[in-house]
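>>> With the input below, show me the fold.
(4 chains)
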2 protein chains.
Amino acid sequence: MPEARPPTSRDVARHAGVSQATVSLVLRDRWRGRVSPARVDAVRAAARELGYRPNQAARSLRLGGSRTALLVVPALANDFFGRVHAGAASVAAENGLHLVLYPSPGGVGPAPDPFASASATLDGVLASSMAAEALSALSGAGLPLVMLDSEPGRAPAAATVNPDIAAGTRLIVDHLREWGHRRIAHLAADVDSWTFAMRAATLAERLDIDGLPPPRTERAELSVGGGLRAAERALAATPRPTALFCDDDLLAAGACKAARRMGLRVPEDVSVTGFDDLALATTVEPELTTVSLPAEELGAAGLRALLAVLDGRAQQDTVLPVRLAVRGTTGPPPG
Amino acid sequence: MPEARPPTSRDVARHAGVSQATVSLVLRDRWRGRVSPARVDAVRAAARELGYRPNQAARSLRLGGSRTALLVVPALANDFFGRVHAGAASVAAENGLHLVLYPSPGGVGPAPDPFASASATLDGVLASSMAAEALSALSGAGLPLVMLDSEPGRAPAAATVNPDIAAGTRLIVDHLREWGHRRIAHLAADVDSWTFAMRAATLAERLDIDGLPPPRTERAELSVGGGLRAAERALAATPRPTALFCDDDLLAAGACKAARRMGLRVPEDVSVTGFDDLALATTVEPELTTVSLPAEELGAAGLRALLAVLDGRAQQDTVLPVRLAVRGTTGPPPG
DNA sequence: CTTCGGTAGTGTTACGTATAACTGCCCCCG
DNA sequence: CGGGGGCAGTTATACGTAACACTACCGAAG
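Numbering: from 1, shown residues only, chains lettered A, B, ... in the order given. Model (predicted):
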């Protein structure tokens, strides 16, 4: 048995009758004016024939970097982060950067080190949500970091990119106020992160400006089932709220189910609003009125910011515009 | 400026007053009986102090492998592949294997090479769906490959792991037959892959055995919207089918929307069945009767098979059991 | 006729790590 | 008292690639 190791650039060189250096020049496209066209073709043919694939590990070692960035997302349970990835991946591809996706396990326990998990020298990290200890480990490593959907101006991120959560919240509140709603309950995600804290703060502030009482808040596990249970509690109150502001579309979908189970119609008896504009927002009946976040743009802008940091250009915090998607779950309050 | 390169094992060695070899022995936990405990502590302290992180590229180069596998999934638009990934990731972690996720861009155009994209030497690939050319490129590279959810016994996969699609299809058909349905239409995914071909073949076979006419088939783009449009066509037929067999939950959700828009109640006027048991199956109202596929198990079994291949153990094709989830979208035919 | 510059290559080295092979050294046994 | 054998380390090397520095040749300019 001939042991069958994968072919190296030296094998290609031997096969083409040139030196290994020439193979490298040709395959890296640095040959113009240094290698004759005939040899170039010979090298390419030999590489193809042997099925040569450059050894990435050796490349990274030599180059002192792998042109690889890591995208850390909290989970893949919904399509939002798939879209973020798609946006980041397209920008990465345009710039010859590899993008590796790491879905951080949501569960408790010692999360495996995302950097070890990449199994390659990383040049930078784009993180959407991370445990504090992982974050500090990263800052210790001195890796360029761009944070998505998290508090601006917080070390150790070199930059942040956020959808305009405050504006989105205001759009929802104004929309409900225009319909005449005054008793608004808040289904709040049971997650301690900036993006949800921002919704709560803006909601409270906005209702206060409008001279309305602070919202009754029900904490909910971030899932359809969690939204269902929290909505059941919220809708059992007297007087019943006429609108539910949900932190997220999953909660809103759960709230719609809860309302229906309690014999209430949406939106005739109670209005429900979501946030994020996930795919499920247009899947459920009626379709959710929600805040549409630019997921692809978020990923793309995040990766552009990371590229800027890698190039040594200073970076600020970016805020992306959002828009209100008015659909079928909002209407005038009953009576 | 001191240039600030990341510290190497040689830096750690200098700092601890030992040789680089000793550092490697200590940090790889191969020191028992070779290095005195005092030195071990000194090395560990030095490593911590300098914030040393081993260079993965150099490690991979030296070891001739990175203990990294690539998981190729078609998209992250739904939660199914997130669950597959979770299952594979947990088995990978147990075995000290890195798992890198590659969502192959669904769009047309030259797909970026998934192997280049990994930016590390790969030891194996677990692929759920792949373009033919990428597959052949891979077979040329001689990488160990395990295929998920695709035709058993097809080169160049060393093994396949599949949910029992045929059994799932039979469960659905039998369930509909028990309710007394005879006119069953098929909403077929507009994707040319084994898993959908298998549904179609089994459905036709089963109806034939039961003495029923072959199903009217409507091709649908694999999305909620696609299901909606296809269902509108299917339900416009006369006589109208009393049940819709949908290749996938997305299509089924779309079918339910279509029925409602046409003034039909589900399941009173028409029964609808899904496939996969995505999260949305229990989100929509009524909840979908569907075939529940063991997504996590699929990923886990796939990675176990890959590990076996890497160890040189021969592998067969594995079929995982499925179960029927009877929910709210099926009932007796009208009249 | 020498020198200069450009073309077409090759030899060599370094990247950081893991480990095989080696070196002392001390202790104990014959 | 000589030498065998563990202990505690070190030295040296290889992994595959990229690119710097070098050589050899050739035509043209001085």
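>>> And the strands in the stretch 201-335 of chain A?
Taking DSSP state E, counting those that start in this stretch to define them, one finds strands in the stretch 201-335 of chain A at A:216-220, A:243-246, A:271-273, A:290-292, A:318-320, A:323-325.
>>> per-domain residue ranges of chain A.
Residue ranges for the domains of chain A, per automatic domain parsing: A:9-54, A:65-162+A:296-319, A:165-294.
>>> Now tell me which helix or strand of chain A has the poorest mean pLDDT.
Within chain A, no helix or strand scores below helix A:114-118, which has a mean of 60 by mean pLDDT, DSSP states H and E.
>>> Point out the residues in chain A that sit beside DNA strand C.
Residues of chain A lying close to DNA strand C (Cβ under 7 Å from any atom of the strand) are A:18-22, A:25, A:33-36, A:38-39, A:58, A:61-62, A:64. Quick note: C-beta positions are derived from backbone N, CA and C, even for glycine.
>>> Tell me the one of the residues you listed nearest residue B:43?
Ranked by distance to residue B:43 (Cβ to Cβ), the residues of chain A next to DNA strand C are led by residue A:61 at 22.7 Å.
>>> Okay, helices next: where are they in chain A?
Taking DSSP state H as the test, the helices found in chain A are A:9-16, A:20-27, A:37-50, A:56-63, A:79-94, A:114-118, A:132-141, A:165-179, A:194-209, A:224-235, A:249-261, A:295-310.
>>> any idea how far the closest residue in space to residue A:182 that isn't next to it in sequence lies from DNA strand C?
Excluding its sequence neighbours, the residue lying closest to residue A:182 (Cβ to Cβ, 6 or more residues apart in numbering or on different chains) is residue A:212, at 5.9 Å. For residue A:212, the distance to DNA strand C equals 60 Å [Cβ to the nearest atom of the strand, to the nearest Å].
>>> Also residue A:165?
From residue A:165 to DNA strand C the distance is 41 Å (Cβ to the nearest atom of the strand).
>>> and that residue, how far is that from residue A:272?
According to Cβ to Cβ, to the nearest Å, residue A:165 stands 19 Å off from residue A:272.
>>> which one of the domains of chain A lies closest to DNA strand D?
Evaluated over those, closeness to DNA strand D peaks at domain A:9-54, with 3.1 Å, by Cβ to the nearest atom of the strand.
>>> Look at the closest residue to residue A:73 other than its chain neighbours and say how many residues are nearby.
Distances taken as Cβ to Cβ, 6+ apart place residue A:81 nearest to residue A:73, at 4.1 Å, with adjacent residues excluded. For residue A:81, the count of nearby residues is 26 (other Cβ atoms under 10 Å in any protein chain shown).
>>> Tell me the confidence at the closest residue to DNA strand C within chain A?
Using Cβ to the nearest atom of the strand, the single residue of chain A nearest to DNA strand C is residue A:36, 2.9 Å away. The model reports residue A:36 with a pLDDT of 94.
>>> And for it, the neighbour number?
Neighbours around residue A:36, by other Cβ under 10 Å: 9.
>>> Over to residue A:87?
20.
>>> Please produce JSON lines containing the domains of chain A, extended by distance to residue B:145.
Formatted as JSON lines, the domains of chain A follow (distance: least, Cβ to Cβ, whole Å):
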{"stretch": "domain A:9-54", "distance to residue B:145": "15"}
{"stretch": "domain A:65-162+A:296-319", "distance to residue B:145": "19"}
{"stretch": "domain A:165-294", "distance to residue B:145": "31"}
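>>> averaging pLDDT over each of the ones you listed, which comes out lowest?
domain A:65-162+A:296-319 (a mean of 81).
>>> quick one: which of the strands of the stretch 201-335 of chain A is nearest residue A:280?
Nearest to residue A:280 among those is strand A:290-292; the distance by Cβ to Cβ comes to 10.0 Å.
>>> For that closest one, buried residues please.
Neighbour-count burial for strand A:290-292, counted by 16 or more other Cβ atoms under 10 Å in any protein chain shown, picks out A:290, A:291, A:292.
>>> Now for the spatially closest residue to the last one that is not a sequence neighbour: which residues touch it?
Closest residue in space to residue A:292, ignoring its immediate chain neighbours: residue A:277 at 3.8 Å, by Cβ to Cβ, 6+ apart. Contact partners of residue A:277, counting by Cβ atoms under 8 Å, 6 or more residues apart in numbering or on different chains, are A:249, A:290, A:291, A:292, A:293, A:325.
>>> Quick check, the fifth one in contact with residue A:163.
Yes - taking contact to mean Cβ atoms under 8 Å, the distance of 4.4 Å between residue A:293 and residue A:163 places them in contact.
>>> Mutual contacts of the two, please.
Common neighbours of residue A:293 and residue A:163 (Cβ under 8 Å, 6+ apart) are A:320, A:322.
>>> since we're on residue A:71, how many residues are nearby?
26.
>>> picking up where we left off before, tell me, how many residues neighbour the residue nearest to residue A:182?
15.
>>> Of the strands of the stretch 201-335 of chain A, give the one that comes closest to residue B:68.
Taking Cβ to Cβ, strand A:318-320 is the member of the strands of the stretch 201-335 of chain A nearest to residue B:68, at 32.7 Å.
>>> Direction included, what does that closest one pair against?
Applying DSSP bridges to the sheet, strand A:318-320 is found paired with strand A:159-163 (parallel).
>>> so the partner strand versus helix A:295-310, what angle?
Angle between the axes of strand A:159-163 and helix A:295-310 is 170 degrees (criterion: axes from the mean of the first three to the mean of the last three Cα atoms, to 10 degrees).
>>> just to revisit the earlier point, go through the strands of the stretch 201-335 of chain A and pick out the most buried.
strand A:243-246 (a mean of 30; mean count of other Cβ atoms under 10 Å in any protein chain shown).
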